[in-house]
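> Predicted structure and sequence below. I'll ask about it afterward.
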Amino acid sequence: MEATARKCMAPGTWLRRQLLPTAAGLVVAAAPWAPFGPLAPARAQGVPFNEIRALNLARNAAVLSNGGLTVYTPASCMFSTSAASNPCLISNTPEGFVYRFLGGPPGWESKGLKPTTETEIKIAPDGRRVVAILYNGPPR
């Protein structure tokens with residue numbers, strides 16, 4: 001049966017399926033930090049993952065609240081996950097993240113159009129839940 005399954009798979013797939021779980025286990029077991037205390041927060045491009053998740057969730061919640069990407073695009077700062085100091089992030093406290101940003105029809109920034117919407121949204125500290133949409137309406 002196993003030989004038949006190997007014949008149906010793309011070249012190298014069977015070997016990867018056999019080695020990947022083993023290799024992943026060896027990496028974790030051999031890591032010098034594995035047996036000791038809590039790990040440092042995971043980071044991507046120097047930014048903690050919870051901050052990236054929070055930004056992505058805030059952007060996607062605004063897109064959904066404003067009709068989808070075919071009619072609404074948030075400000076470019078909501079796509080800058082690696083920015084050291086994102087101008088859209090107005091608060092980062094133990095209670096969560098608060099973002100305030102403008103949005104408009106697709107291409108509004110590059111075409112020099114005025115924004116049609118302002119959104120202020122609070123995201124949980126772990127970046128996995130919208131706590132509240134504090135404002136979503138005409139630019140104030």
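That came through fine.
> In terms of pLDDT, where does Gly67 sit?
We note a pLDDT of 97 for Gly67 in this prediction.
> How about the secondary structure of it?
Under DSSP: H, G, I helix; E, B strand; the rest coil, Gly67 falls in the coil class.
> Okay, it and Ala61: tell me how far apart.
Per CB to CB, to the nearest Å, Gly67 is found 13 Å from Ala61. The way it works is simple: take the backbone N, C-alpha and C, and place the C-beta from them, glycine included.
> Those two: who's more crowded?
Ala61 (18 against 11; other CB atoms under 10 Å).
> Wait, the more buried one touches Glu120, no?
No - applying CB atoms under 8 Å as the test, Ala61 and Glu120 come out as separate, 11.4 Å apart.
> Which neighbours do those two have in common?
Ile133 (CB atoms under 8 Å, 6 or more residues apart in numbering).
> So which residues of this structure form helices?
2-8, 13-30, 49-65 (DSSP state H).
> Just give me the lowest mean pLDDT stretch among those.
Looking at those, the bottom one is helix 13-30 with a mean of 48.
> quick one: the nearest residue to Arg53 once chain neighbours are set aside from Leu57, how far?
Distances taken as CB to CB, 6 or more residues apart in numbering put Gly127 closest to Arg53, at 3.1 Å, once the chain neighbours are dropped. If you measure Gly127 against Leu57 using CB to CB, the figure is 6 Å.
> cool, and Phe101?
13 Å.
> now Thr70
Taking CB to CB, one finds Thr70 at 20 Å from Leu57.
> Mind checking which of these two has more residues around it?
Using other CB under 10 Å, the more surrounded residue of Thr70 and Leu57 is Leu57, with 19 against 9.
> I figured that one was touching Ile123, is that so?
Yes - between Leu57 and Ile123 there is a contact under CB under 8 Å: 5.5 Å.
> Quick check: neighbours shared by these two?
Common neighbours of Leu57 and Ile123 (CB under 8 Å, 6+ apart) are 129-130.
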